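A.B. asks: Got a predicted structure here, sequence first:
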Amino acid sequence: MTETTQTGGAAPGAATVAHSVVRLPPGLYFVATPIGAARDITLRGLDILASAEVLAAEDTRTLRHLLDIHGVALSGRPLLAYHEHSGAAVRPRLLGALAEGKSVAYASEAGTPLVADPGFQLGRAAIEAGFSVFAAPGPSAVLAALTVSGLPSDRFLFAGFPPATRAARKTWLREMKTVQATLIFYESPKRVGQMLIDLAETLGQERRAAVARELTKRFEEVRRGTLAELAAGFAGQAVKGEIVVLVDRAATIRAGAEEVEAALRERLVHLRVREAAAEVAEALGLPRREVYQMALRLEGER
């Protein structure tokens, strides 16, 4: 059965949060910004935004609004738009500010910079030029969705946005079919229904999954179930908001007897029985005792 939970994320309020204007060491500061609730910004993030000599943002309107909410004044400081269309033109100006020994803060539209965000080229250019690069960690849709999904979190793969066309998307998904990690995708609300169908057809109807929508916002929703159940649940629905899709890791494929024997025979040429068994058991994810018994039998046949 599918499971749905809904929570009312805190709406952005007008109350300000204390921040300090401090002297920042020269360098590039990547500042994570809220994915919904404005109060999720960290105190250090506000300090950096209040103190940096130059500000850059994927969306300057979004950052201005965030600064207004928290009472952070621009005070005549430059605020530059740095996004996928303007990056090539704006990057030299930001690097020039760094060369002058200034502090430069970059904020993504929402969430952690460089995660599905154009800041990567800026960060790499700053590092290659020898400038200091700092991170002010904070909100992340990837980690927030993983936290509430109920899926394994010890190993995960953020795959970003899938290809827009169905044929390309299914080919892309097949490459991840056997990945031993929770898969995390961003998807457009217009395509999430078809995406779930493609996931079920490509990765398996019974794979556990979750769809997180509008995290930390007023209409936050998380649906959990198998891919087949979620695909059926989203079929024909008009969906709005920011979407994160998560899929459980692939089932472990147990090695066959022939594969185990071949691995043991190869190692028994130069290893003792116990060592060969231990090495094969670890490599194939099998119980040591079981592999050891097979190794003893093979050694007796030699």
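C.D. replies: Arrived safely. Numbering: from 1, shown residues only.
A.B. asks: switch to C-alpha atoms for all contacts and neighbour counts from now on
C.D. replies: OK.
A.B. asks: What's opposite the residue nearest to residue 48 when sequence neighbours are not counted in the beta bridge?
C.D. replies: The spatially closest residue to residue 48, leaving aside those adjacent along the chain, is residue 105, at 7.0 Å (Cα to Cα, 6 or more residues apart in numbering). The residues listed as beta-bridge partners of residue 105 by DSSP bridges are residue 29, residue 55.
A.B. asks: Show the contacting residues for residue 66.
C.D. replies: By Cα atoms under 8 Å, 6 or more residues apart in numbering, residue 66 lies in contact with residue 38.
A.B. asks: Give me the distance between the two termini of stretch 99-113.
C.D. replies: 22 Å (Cα to Cα, to the nearest Å).
A.B. asks: For it, buried residues please.
C.D. replies: The neighbour-count check on stretch 99-113 (16 or more other Cα atoms under 10 Å) flags 99, 102-113 as buried.
A.B. asks: what about the helices in the stretch 1-150 of the chain?
C.D. replies: Listed in chain order, the helices of the stretch 1-150 of the chain (DSSP state H, counting those that start in this stretch) span residues 43-51, 60-69, 87-99, 119-128, 141-149.
A.B. asks: Can you list the buried residues in the third one?
C.D. replies: Across helix 87-99, burial judged by 16+ other Cα under 10 Å covers 87, 90, 91, 94, 95, 97, 98, 99.
A.B. asks: any idea which of these is the one closest to residue 289?
C.D. replies: Closest approach between the buried residues of helix 87-99 and residue 289, by Cα to Cα: residue 87, at 58.0 Å.
A.B. asks: quick revisit: correct me, but the residue nearest to residue 48 touches residue 55?
C.D. replies: Yes. The criterion here is Cα atoms under 8 Å, and residue 105 meets it with residue 55 at 5.0 Å.
A.B. asks: hey, where'd the strands end up in the stretch 101-250 of the chain?
C.D. replies: In the stretch 101-250 of the chain, the strands defined using DSSP state E, counting those that start in this stretch lie at 103-107, 133-136, 156-160, 182-187, 208-213, 220-226, 243-247.
A.B. asks: thinking again about what came up before, max pairwise distance over the buried residues of helix 87-99: which two?
C.D. replies: Taking every pair in the buried residues of helix 87-99 and measuring Cα to Cα, the maximum separation is 17.7 Å, between 87 and 99.
A.B. asks: domains for the protein, by residue range?
C.D. replies: As given by automatic domain parsing, the domain ranges for the chain are 23-139, 142-247, 257-301.
A.B. asks: The longest one: end-to-end distance?
C.D. replies: By Cα to Cα, the extent of domain 23-139 from end to end equals 24 Å.
A.B. asks: again, but for the second one
C.D. replies: Using Cα to Cα, the span of domain 142-247 from its first residue to its last is 13 Å.
A.B. asks: swap in the last one?
C.D. replies: Looking at domain 257-301, the gap from its leading to its trailing residue is 16 Å under the measure Cα to Cα.
A.B. asks: Let's test this: mean pLDDT of that domain, rounded?
C.D. replies: The average pLDDT within domain 257-301 is 87.
A.B. asks: now the second one
C.D. replies: Within the predicted structure, the mean pLDDT of domain 142-247 is 96.
A.B. asks: before we move on, what about the longest one?
C.D. replies: The average of the pLDDT scores along domain 23-139 is 97.
A.B. asks: Now do the residue nearest to residue 48 against residue 47, distance only.
C.D. replies: The gap separating residue 105 from residue 47 is 11 Å, by Cα to Cα.
A.B. asks: Show me which residues of stretch 171-191 are buried.
C.D. replies: If you call a residue buried by 16+ other Cα under 10 Å, then stretch 171-191 has these buried ones: 173, 176-177, 179, 181-189.
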